[in-house]
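**Q** Next comes the sequence, and after it the predicted model I'd like to discuss.
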Amino acid sequence: METTGTSTMPASGVCASCGQPIGANRTLEQVLDKLGLKDIDVEEYLNTARDYFKSGTNKATTFAKENPGKVAAGAAVVAIGAGLLIAALNRE
């Protein structure tokens, strides 16, 4: 196994976290090159994002279990806000 940043990836070229082929980000790298953003290690950024999602998901799950009322209230606020936004867009 190779170690890149904080994550470990198998030498086969497949991400251990998501199963995507390593190097499949070539199109993204080409877009970044056209924007003048060269020498960016996309894999490193993706690995960092995966680590944040893993820890964030655990935090969100724990919060939801400890505070079901707050989660329900938040979902209600989002639903009401979405309804108001849709109504405003339909008026135009």
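**A** Structure received.

**Q** Could you give the backbone dihedrals for D41?
**A** With angles defined as degrees, to the nearest 10, D41 sits at phi -80, psi 90.

**Q** same question but for N47, I mixed them up
**A** Torsion angles, degrees, to the nearest 10, at N47: phi -60, psi -40.

**Q** number of nearby residues for it?
**A** Neighbours of N47 under the rule other CB atoms under 10 Å: 20. Where you see a C-beta, it was placed from the backbone N, CA and C, and this is true even at glycine.

**Q** Please, where are all the helices along this protein?
**A** Per DSSP state H, the chain carries helices over the ranges 26-34, 42-66, 68-91.

**Q** Could you export those helices as JSON lines, including distance to S17 and mean pLDDT?
**A** JSON lines is the format used below for those (distance: least, CB to CB, whole Å; pLDDT from 0 to 100):
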{"stretch": "helix 26-34", "distance to S17": "17", "mean pLDDT": "74"}
{"stretch": "helix 42-66", "distance to S17": "5", "mean pLDDT": "83"}
{"stretch": "helix 68-91", "distance to S17": "26", "mean pLDDT": "93"}
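
**Q** Nearest to C18 among these would be which one?
**A** Among those, the nearest to C18 by CB to CB is helix 42-66 (6.9 Å).

**Q** Tell me the buried residues in the closest one?
**A** For helix 42-66, a neighbour-count test (16 or more other CB atoms under 10 Å) marks E43, L46, N47, R50 as buried.

**Q** Next, the angle helix 26-34 makes with that helix.
**A** In terms of direction (axes from the mean of the first three to the mean of the last three CA atoms, to 10 degrees), helix 42-66 departs from helix 26-34 by 110 degrees.

**Q** Next, the angle from helix 42-66 to helix 68-91.
**A** Helix 42-66 and helix 68-91 are oriented at 120 degrees to each other (the same axes, to 10 degrees).

**Q** Number the residues from 689 up from this point.
**A** That works, and once the first residue is 689, the last one we named lands at helix 730-754.

**Q** same for helix 730-754, what does it pack against?
**A** strand 690-692, strand 695-697, helix 714-722, helix 756-779 (3 or more CB pairs under 8 Å, 6 or more residues apart in numbering; DSSP states H and E).

**Q** Of these, flag the one that's most buried.
**A** By mean neighbour count, with neighbours taken as mean count of other CB atoms under 10 Å, strand 695-697 ranks first of those at a mean of 16.
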